[in-house]
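[1] I'll drop the sequence and a predicted model, then ask my questions.
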Amino acid sequence: MDPETKKLVHDPETAVYARLIADEALSGKALVHVARLLNTHGVESPRGGEWNSSSVMQLLRAPAFAGLMPLTECTEAADGTRKYSSKVVPYRDPVTLDTVSIGEGIITVGERELIIRQLESRTFPLAGKRHGHKQGTSLLTGIARCGLCGSRMSKAGTSYACASNRMGRGCGGVSVRVETLDVQSTGADAVDRYNRLAGRLRGRIDGLRADLASLPTPAVDLTPLLDGVLLREAWEADDVTGRRERLRLAIDRVEVSKGRVGVRFDGDERCRIAWAESAGRELREQPGTLPAVRVRLAPALRCARW
């Protein structure tokens with residue numbers, strides 16, 4: 001950061017290596033290949049020591065790498081305290097939803113989008129199947145999170161279990177039966193709940209419709225996105241993989257807290273749903289039943305305006 005302008009500028013000693021990382025990523029090279037290349041030539045990581053695929057990914061996904069203001073996601077408890085996560089995303093103006101520049105990035109915003117798309121294509125089936133890895137057969141694989149350490153929960157026998165606990169990384173561990181958690185997240189009142197949430201979004205959607213109407217582009221019919229019955233029919237007709245991808249459009253994760261011995265599972269007490277970022281802060285954290293689908297409406301409309 002320049003001490004006078006308070007803006008990001010290129011570090012003359014490390015910018016050339018940073019750009020090398022970006023070029024390698026843009027060319028489609030595996031992150032482990034990039035890490036090995038840096039380590040072979042004795043280039044230290046930002047925290048010192050050697051690089052690995054995780055540190056390369058963290059740098060590439062960092063908003064500041066593209067000169068954008070970063071925002072660390074957090075959840076707010078009932079008492080007003082905030083718990084910050086490890087996920088950092090570009091800050092967006094609450095009115096315009098535009099990102100905010102804070103100086104000169106190593107890559108452009110367009111290059112960042114290409115890199116993020118490539119990284120996601122190696123992770124999520126929606127953009128391309130992950131290389132060399134089987135897709136989970138349970139609905140909330142990759143979505144359910146341990147309420148103690150934040151690690152992913154995956155199916156182990158008949159239950160979802162904390163990955164860190166299973167790998168002996170010190171977490172006390174959270175587990176819950178697969179069937180119980182799946183039903184809690186997609187219960188019978190999902191349509192009614194979705195309709196209530198959709199009603200709170202209609203005011204914003206109407207404003208966006210007005211903006212679209214003033215442009216020389218076709219109007220976007222959002223009716224199917226707001227019809228809970230149609231969404232429920234599509235949900236029932238889909239397989240587990242398709243349903244999981246629909247859930248990813250609506251939520252970022254389902255956090256599961258540790259239960260009490262001998263006490264029956266209480267979904268409202270043990271489950272906390274983190275809604276997708278751009279659907280509005282007031283909808284991000286809600287306990288209880290998850291609607292079948294809730295899309296990121298604002299970004300979809302912004303793309304339609306283009």
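    Structure's in. What do you need?
[2] drop to CA atoms for contacts and neighbour counts, all remaining ones
    Fine.
[3] what number of residues lie near Leu119?
    Neighbours of Leu119 under the rule other CA atoms under 10 Å: 20.
[4] element containing it?
    helix 109-121 (DSSP states H and E).
[5] Only alpha carbons, please: show stretch 26-36 as CSV.
    Presented in CSV, the C-alpha positions along stretch 26-36 are these (Å, rounded to 0.1, in the frame of the first residue of the first chain):
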residue,chain,number,x,y,z
LEU,A,26,-4.6,-18.5,-16.8
SER,A,27,-2.9,-21.1,-19.0
GLY,A,28,-4.7,-23.9,-17.1
LYS,A,29,-1.8,-25.3,-15.1
ALA,A,30,-2.6,-27.2,-12.0
LEU,A,31,-2.1,-25.4,-8.7
VAL,A,32,0.3,-28.0,-7.5
HIS,A,33,2.4,-27.5,-10.6
VAL,A,34,2.5,-23.7,-9.9
ALA,A,35,3.6,-24.4,-6.3
ARG,A,36,6.3,-26.8,-7.3
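[6] I figured Ile107 hits Ala18, correct?
    No - Ile107 is beyond contact range of Ala18, at 9.1 Å (criterion: CA atoms under 8 Å).
[7] what's in contact with the next helix or strand after the helix holding Leu119?
    As assigned by DSSP H and E, the chain's next helix or strand after helix 109-121 is strand 144-146. Contact with strand 144-146 is made by 151-154, 160-162, 173-174, 253-257, as judged by CA atoms under 8 Å, 6 or more residues apart in numbering.
[8] same thing but at 6 Å, please
    Outside strand 144-146, the residues within contact range by CA atoms under 6 Å, 6 or more residues apart in numbering are 151-153, 162, 174, 253-256.
[9] Mind putting those residues into JSON lines with secondary structure, distance to Thr75 and neighbour count?
    Below are the contacts of strand 144-146 laid out as JSON lines (DSSP: H, G, I helix; E, B strand; the rest coil; distance: CA to CA, whole Å; neighbours: other CA atoms under 10 Å):
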{"residue": "Ser151", "secondary structure": "coil", "distance to Thr75": "16", "neighbour count": "20"}
{"residue": "Arg152", "secondary structure": "strand", "distance to Thr75": "17", "neighbour count": "21"}
{"residue": "Met153", "secondary structure": "strand", "distance to Thr75": "19", "neighbour count": "29"}
{"residue": "Cys162", "secondary structure": "strand", "distance to Thr75": "20", "neighbour count": "28"}
{"residue": "Val174", "secondary structure": "coil", "distance to Thr75": "19", "neighbour count": "23"}
{"residue": "Arg253", "secondary structure": "strand", "distance to Thr75": "12", "neighbour count": "22"}
{"residue": "Val254", "secondary structure": "strand", "distance to Thr75": "12", "neighbour count": "27"}
{"residue": "Glu255", "secondary structure": "strand", "distance to Thr75": "11", "neighbour count": "22"}
{"residue": "Val256", "secondary structure": "strand", "distance to Thr75": "14", "neighbour count": "26"}
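[10] Find the centremost residue of this structure, please.
    Central residue of the chain (CA atoms, centre = their mean): Asp252, 4.8 Å from the mean position.
[11] That concludes my questions; thank you for your assistance.
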